[in-house]
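A.B. asks: Turn this into a structure:
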Amino acid sequence: MSAGVPAATPDYRPCFPETRPAVAILGCGQIANTAHLPAYQKAGVDVAGVWSLDETTTAGVQERFPGVVGTVYRDGDELLADPRVGIVDIATGPAGRVEWIAKAIAAGKHVLAQKPLISDPADLPALEAALAEAARRGLRVAVNQNARWAPAWRLVTLLIRDGAIGDVVGVTHLHDKPMPPIAGTPFDDVEHMLISDYLVHWVDITRCWLEGSTVGTVAAHDSRVPGQPDTARNPWHATIHLGCTDGATALLRVVGNAKTRTGGCPFWVHGTEGTLRGSILLGSDRVVLERGDTTTSFALEGQWFVDGFAGTMGELMSAIDEDREPENSAAHVLASVRTTFAAVESVRAGGAVVRPTNLELTPARVRL
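C.D. replies: Residues are numbered from 1 along each chain as shown. Reported below is the predicted structural model:
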């Protein structure tokens with residue numbers, strides 16, 4: 001094979017160690033029932049138990065996942081006190097999540113926290129204090145940035161790390177699919193929802209592909225689109241542009257409710273030595289590497305839902321087993337959080353360019 005083209009496909013699939021701590025899910029709502037638990041069932045993860053403030057979400061959960069879910073706890077304190085539990089999967093909404101992270105750390109538990117890790121910059125000091133306490137205790141805190149393990153995106157991450165396209169010059173994402181069901185949901189009440197919440201996965205994977213760069217400028221804009229119903233209170237168009245101090249750029253674009261039968265979320269990563277292109281979602285998953293005279297198409301197995309959710313937990317368990325920081329550590333994800341905060345600041349200012357400080361996209365501590 002030519003230089004930069006892998007002789008074998010990097011292993012992008014979720015990986016678990018032989019020794020696996022038991023997990024308890026705190027906040028067993030829709031995403032836990034439709035993604036966390038199916039992923040853990042598929043991967044053979046021991047779920048010691050679950051708890052939700054809303055008891056309707058845990059009703060019948062042991063019957064839906066027989067042999068997977070051990071206990072339905074009476075409250076969060078009972079869950080945290082369970083000596084069987086090694087990892088607390090905090091799948092609540094952002095409000096109050098930092099307090100639960102701190103409580104889990106105080107109880108001596110490792111943590112997997114849902115994304116967005118925080119949605120209010122005012123939570124940063126408390127989060128940083130919790131992470132410092134976790135480090136003091138030798139506990140790992142990871143974030144459920146499950147899209148990092150969507151098969152196509154994970155493979156691209158590994159190819160970039162292996163130097164398949166040289167240095168990254170630009171990243172481009174297009175949301176070429178129908179909008180998810182937003183109108184009439186709690187997302188109606190999330191300010192600039194596409195920028196502040198929905199695109200968090202796209203922001204996060206982009207920061208992974210731009211590792212080693214420093215974000216110098218962030219500009220974001222959203223707007224209502226023609227035909228958007230009045231009941232959909234949040235804008236359906238959103239664009240985020242990132243500029244790095246080394247000249248690399250990124251563009252993330254949601255056009256609105258795309259009317260297409262062959263949609264997906266295509267992406268392009270251009271480098272100094274080649275190009276990676278592909279897509280995720282709606283069965284569009286693919287990755288193609290172009291370098292020199294060689295074009296390599298990679299066969300993919302699995303889907304973002306639910307393999308991505310296995311990937312985040314598997315990485316945390318592997319990090320615990322190997323006594324290292326997980327790739328999806330909270331400290332690593334904070335650059336994605338700060339990028340999103342800058343984008344929200346920009347859209348509130350009518351698309352004005354924001355120049356964040358100390359926004360270096362440092363590499364994850366990965367196994368060599």
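A.B. asks: quick one, helices of the chain?
C.D. replies: 30-31, 37-43, 61-64, 76-81, 97-106, 124-137, 151-161, 193, 200-209, 309-322, 330-348 (DSSP state H).
A.B. asks: Identify the residues contacting stretch 357-366?
C.D. replies: 161, 207-208, 210-215, 244, 324-325, 327-329, 332, 335, 338-339, 342 (CB atoms under 8 Å, 6 or more residues apart in numbering). Just so you know, the C-beta spots here come from the backbone N, C-alpha and C atoms, and that holds for glycine as well.
A.B. asks: How is this structure divided into domains?
C.D. replies: 22-146, 148-303+327-348 (automatic domain parsing).
A.B. asks: what pLDDT, on average, does the shortest one get?
C.D. replies: Per-residue pLDDT values across domain 22-146 average out to 97.
A.B. asks: Any of the contacts of stretch 357-366 buried? List them.
C.D. replies: Listed as buried from these are 207-208, 210-211, 213-215, 244, 325, 327-329, 332, 335, 338-339, 342; burial here means 16 or more other CB atoms under 10 Å.
A.B. asks: Buried deepest among the helices of the chain, which one?
C.D. replies: helix 200-209 (a mean of 25; mean count of other CB atoms under 10 Å).
A.B. asks: tell me which strands and helices that one is in contact with?
C.D. replies: helix 151-161, strand 168-175, strand 237-244, strand 249-254, helix 330-348 (3 or more CB pairs under 8 Å, 6 or more residues apart in numbering; DSSP states H and E).
A.B. asks: where does the third one sit relative to the chain's centre, distance-wise?
C.D. replies: If you compare the mean C-alpha spot of strand 237-244 with that of the full chain, they lie 18 Å apart, counting by CA atoms, centre = their mean, to the nearest Å.
A.B. asks: So which residues make contact with that strand?
C.D. replies: Taking CB under 8 Å, 6+ apart as the rule, strand 237-244 contacts 192, 194-195, 198-199, 202-203, 206, 210, 213-225, 249-256, 339, 343, 347, 361.
A.B. asks: Buried ones from those, can you make that a ChimeraX selection?
C.D. replies: Entered in ChimeraX, the line below selects the buried ones among these, by 16+ other CB under 10 Å:
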select :192,194,195,198,199,202,203,206,210,213,214,215,216,217,218,219,220,221,222,249,250,252,253,254,256,339,343,347,361
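A.B. asks: Sort out which residues of stretch 278-296 are buried, please.
C.D. replies: Buried-residue list, stretch 278-296, by 16+ other CB under 10 Å: Gly278, Ser279, Ile280, Leu281, Ser284, Asp285, Arg286, Val287, Leu289, Glu290, Arg291, Thr296.
A.B. asks: Which two of the residues you listed have the greatest separation?
C.D. replies: Leu281 and Arg291 (25.7 Å; CB to CB).
A.B. asks: mind listing what Ser346 touches?
C.D. replies: Taking CB under 8 Å, 6+ apart, one finds Val218, Ala219, Ala220, His221, Ala352, Val353, Val354 in contact with Ser346.
A.B. asks: In JSON lines, list these along with distance to Trp100 and pLDDT.
C.D. replies: Listed next are those as JSON lines, based on distance: CB to CB, whole Å; pLDDT from 0 to 100:
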{"residue": "Val218", "distance to Trp100": "29", "pLDDT": "98"}
{"residue": "Ala219", "distance to Trp100": "34", "pLDDT": "98"}
{"residue": "Ala220", "distance to Trp100": "29", "pLDDT": "98"}
{"residue": "His221", "distance to Trp100": "34", "pLDDT": "98"}
{"residue": "Ala352", "distance to Trp100": "35", "pLDDT": "98"}
{"residue": "Val353", "distance to Trp100": "35", "pLDDT": "98"}
{"residue": "Val354", "distance to Trp100": "30", "pLDDT": "98"}
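A.B. asks: Closest one of the residues you listed to Glu63?
C.D. replies: Ala220 (44.4 Å).
A.B. asks: Backbone dihedrals for Gly29, please?
C.D. replies: Main-chain torsions, Gly29, degrees, to the nearest 10: phi -90, psi -150.
A.B. asks: mind listing what it touches?
C.D. replies: Gly29 touches Ser52, Asp54, Thr57, Ala91, Thr92, counting by CB under 8 Å, 6+ apart.
A.B. asks: residues touching the fourth one, list them.
C.D. replies: Which is Ala91. Ile25, Leu26, Gly27, Cys28, Gly29, Ile31, Ala32, His36, Gln114, Asn144.
A.B. asks: now with 6 Å?
C.D. replies: Ile25, Gly27, Ala32, Gln114 (CB atoms under 6 Å, 6 or more residues apart in numbering).
A.B. asks: correct me, but Leu282 touches Gly264?
C.D. replies: Yes: Leu282 lies in contact with Gly264 (CB atoms under 6 Å); the separation is 4.8 Å.
A.B. asks: Relative to Ala134, how far out is Leu80?
C.D. replies: Taking CB to CB, to the nearest Å as the measure, Leu80 falls 14 Å from Ala134.
A.B. asks: ditto for Pro6
C.D. replies: Counting by CB to CB, the gap from Pro6 to Ala134 is 36 Å.
A.B. asks: before we move on, what about Phe187?
C.D. replies: Applying CB to CB to Phe187 and Ala134 gives a distance of 30 Å.
A.B. asks: Pro180: how many residues sit nearby?
C.D. replies: Counted with other CB atoms under 10 Å, the neighbours of Pro180 add up to 9.
A.B. asks: Okay, Ala39 and Val306: tell me how far apart.
C.D. replies: 4 Å.
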